[in-house]
Every structure is written in C-alpha cells, then in structure tokens.
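S.K.: Structure for the following, please:
(2 chains)
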Amino acid sequence: MIDWAEVTPLASLIGGILVGIAASLLILLNGRIAGISGILGGLLNPKKNDVYWRLAFLSGLIIAPIIYRTVHPLPSVSVNAGSTTLIIAGLLVGIGTRYGSGCTSGHGICGIAKLSPRSIAATLAFMLAGAFTVLLARQLAQ
Amino acid sequence: MTLISSFIAGLLFGLGLILSGMTDPEKVIGFLDITGAWNPSLAFVMAGAVLVSYFAFRVAGKRSKTILSQQILLPTKKEIDARLILGSIIFGVGWGLAGYCPGPALASIATGHKEPLLFVAAMLIGMAIYEVIQKIQSR
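M.R.: Residues are numbered from 1 along each chain as shown, chains lettered A, B, ... in the order given. Prediction:
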C-alpha cells in the first residue's frame, strides 16, 4: 500500500535533479565521483593533494541547511531511532560503505548513472538488506 | 577554482537532499518499508539525480581531463566480489535501522538536532575501524 499522504513526488524529483546537477559538476569540473562515504572516508587515509577538495565539498554539504533556512524553513524531520540504535547504525554504515566502496550516492546515483554493473549489484544488495531490516524491526516491534 | 567548484557541488548536493525530504529518516524508512505503508519519494530523488548525471558521466567517459584540467578519476574495478556485496549488506542493515545514509546525515548535522551528530560520530568511528583493519591486513 502506498502512503500517498507522506509522498512528495515533485519536491523529491526537483531535489533529485539538484543532486544530479551537483554530481555532474563534480565529475565535469573536478573529475571526481560524488560518493559521500568515499569523499569522507578518504580523509581518514589522507593522500597528498587529495584533501582540500574533499573538505570543500563536505563544507558545502554541511552548511546546506544553514543556507536553506535563510530562504525557506527546513522540512520537518522525525527520528524514531534511540541513541543505541543510532550508534549501532552509524558503525554499520561506516564500516559497510567503506568495505563495499560506496553508499546511496556513489553506487545508487553516480554508479547507476554510469550503468556500472558493480554499482547496480551494490544498490540491490543495500536496498534489499535495508528493506529486510525494516521488515524485521516492524515485526519485532509488534 | 577547483575548491570553489567542489564547495558549490557539495552545497547543491546538500540543498537537493534537504528539498527532496531525504534528511527525514522516517521518509527513508518509509521507502524501505515495502510491505507496510510504502513511501516511494526516494525513488523520485534517484530518478531525478540519475537522469541528470547520466549525461554528465557520458561526457566524462569520453574525456581524460575536465574543463578545469583535472584528471577524471572513474572507478576501474569491474568484478562483483564478496567485499562489494557483504559491505553493501552491512551498510543496508545500518541504513534500515536508523534511516540515515552518509549524505543526508552530514547535511543534517548543522540543524541543531543531536541524532544526526550521534550517527555521524559513530559512522566516523566505523570508517576508522575499517582503516585500521585494512592496515592490519596489508602487513
């Protein structure tokens, strides 16, 4: 069943197009893939002449809500996960994205956009694992 | 110049994630909740982003340097191995637990909420653990 009351097709599509423009700029101007886990993770094993573009990109990403707020209120968010769940989830996301060489942006957007079989396989794997985890959590919560 | 373009790309990326609603973990979990009240918003985000960047990657694939004379670095690995799939499954479980993936989490840490901060701190520790394991294995 689709929960239409919570679906935001237009805002999500336009937001997605913005993300696509950002990924396009990074590959066409900097020659780099807009994979967030890779950009962040690369800072933990820094190489010469490979640090500042990462910091610049991440600075832009982090201050985005501050800029957004100057023209429009931020969309409301609801986080149902408690502190322990957030910590476990963060650890798994940190290890898993580095081990699997990418996340929703690197594999799910850039990788699929370049029709990479590796990224398509990775995206299927993390989406299925995510869906299974949500299903299991819903069953256990009942 | 390359720092400015990188900064602008990061900023646009973040603004896009916020506008699209992806900084709301419940919306992301709603997408993964395929047997419950399914929320396909994330599919619209991916469709928009993939459609635009498809053309950029087609252009990038034919060049070796960018307009700013930077080398274009595209992944060369082709094989689908256990590392890729196992890593992605571990990521997927964490993603499903909290509803955060790296991009939206980073685009939320300056909002003043403590949840994304906690998640990002744990994620950085997870990435550091990976680096330590890599160093031990390469000895």
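
S.K.: switch to C-alpha atoms for all contacts and neighbour counts from now on
M.R.: OK.

S.K.: Which strands and helices lie in contact with the lengthiest helix in chain B?
M.R.: Secondary structure of chain B per DSSP state H: the longest helix is helix B:114-137. In terms of contacts (3 or more CA pairs under 8 Å, 6 or more residues apart in numbering or on different chains; DSSP states H and E), helix B:114-137 is packed against helix A:83-99, helix B:102-106.

S.K.: one more time with 10 Å, if that's ok
M.R.: helix A:36-41, helix A:83-99, helix B:82-98, helix B:102-106 (3 or more CA pairs under 10 Å, 6 or more residues apart in numbering or on different chains; DSSP states H and E).

S.K.: Can you lay out those as JSON lines showing distance to residue B:2, mean neighbour count and mean pLDDT?
M.R.: Putting those into JSON lines (distance: least, CA to CA, whole Å; neighbours: other CA atoms under 10 Å in any protein chain shown; pLDDT from 0 to 100) gives the following:
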{"stretch": "helix A:36-41", "distance to residue B:2": "15", "mean neighbour count": "23", "mean pLDDT": "98"}
{"stretch": "helix A:83-99", "distance to residue B:2": "25", "mean neighbour count": "26", "mean pLDDT": "98"}
{"stretch": "helix B:82-98", "distance to residue B:2": "30", "mean neighbour count": "26", "mean pLDDT": "98"}
{"stretch": "helix B:102-106", "distance to residue B:2": "21", "mean neighbour count": "26", "mean pLDDT": "98"}
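
S.K.: what about those, which gets the closest to residue A:59?
M.R.: helix B:102-106 (9.5 Å; CA to CA).

S.K.: mind listing what's buried in the longest helix of chain B?
M.R.: Using 16 or more other CA atoms under 10 Å in any protein chain shown as the test for burial, helix B:114-137 gives B:115-131.

S.K.: before we move on, back to that, could the helices and strands packed on helix B:114-137 go into JSON lines alongside distance to residue A:11?
M.R.: Putting these into JSON lines (distance: least, CA to CA, whole Å) gives the following:
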{"stretch": "helix A:36-41", "distance to residue A:11": "22"}
{"stretch": "helix A:83-99", "distance to residue A:11": "26"}
{"stretch": "helix B:82-98", "distance to residue A:11": "22"}
{"stretch": "helix B:102-106", "distance to residue A:11": "15"}
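
S.K.: angle of the longest helix that chain A contains against helix A:83-99?
M.R.: Scanning chain A for the helix with the most residues, using DSSP H, yields helix A:117-141. Orientation note: helix A:117-141 sits at an angle of 160 degrees relative to helix A:83-99 (axes from the mean of the first three to the mean of the last three CA atoms, to 10 degrees).

S.K.: tell me the phi and psi of residue A:2?
M.R.: Main-chain torsions, residue A:2, degrees, to the nearest 10: phi -90, psi 130.

S.K.: swap in residue B:38?
M.R.: Torsion angles, degrees, to the nearest 10, at residue B:38: phi -70, psi 130.

S.K.: Check whether the longest helix of chain A comes near chain B.
M.R.: Yes. Under the criterion of CA under 10 Å from any CA of the partner chain, chain B is reached by helix A:117-141 at A:117-138.

S.K.: Check which helix or strand the residue nearest to residue B:13 when sequence neighbours are not counted maps to.
M.R.: Distance criterion CA to CA, 6 or more residues apart in numbering or on different chains; nearest residue to residue B:13, sequence neighbours excluded, is residue A:19 at 4.6 Å. When elements are assigned from DSSP states H and E, residue A:19 belongs to helix A:9-25.

S.K.: tell me which residues of that helix are tucked away?
M.R.: Quick answer for helix A:9-25 (16+ other CA under 10 Å): A:9, A:11-25.

S.K.: what does stretch B:44-52 give?
M.R.: Applying 16+ other CA under 10 Å to stretch B:44-52 flags B:44-52 as buried.

S.K.: Now render these as a markdown table, adding secondary structure, pLDDT and distance to residue A:65.
M.R.: As requested, those are exported to a markdown table (DSSP: H, G, I helix; E, B strand; the rest coil; pLDDT from 0 to 100; distance: CA to CA, whole Å):
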| residue | secondary structure | pLDDT | distance to residue A:65 |
| --- | --- | --- | --- |
| B:44 | helix | 97 | 21 |
| B:45 | helix | 98 | 18 |
| B:46 | helix | 98 | 20 |
| B:47 | helix | 98 | 23 |
| B:48 | helix | 98 | 21 |
| B:49 | helix | 98 | 19 |
| B:50 | helix | 98 | 23 |
| B:51 | helix | 98 | 25 |
| B:52 | helix | 98 | 23 |
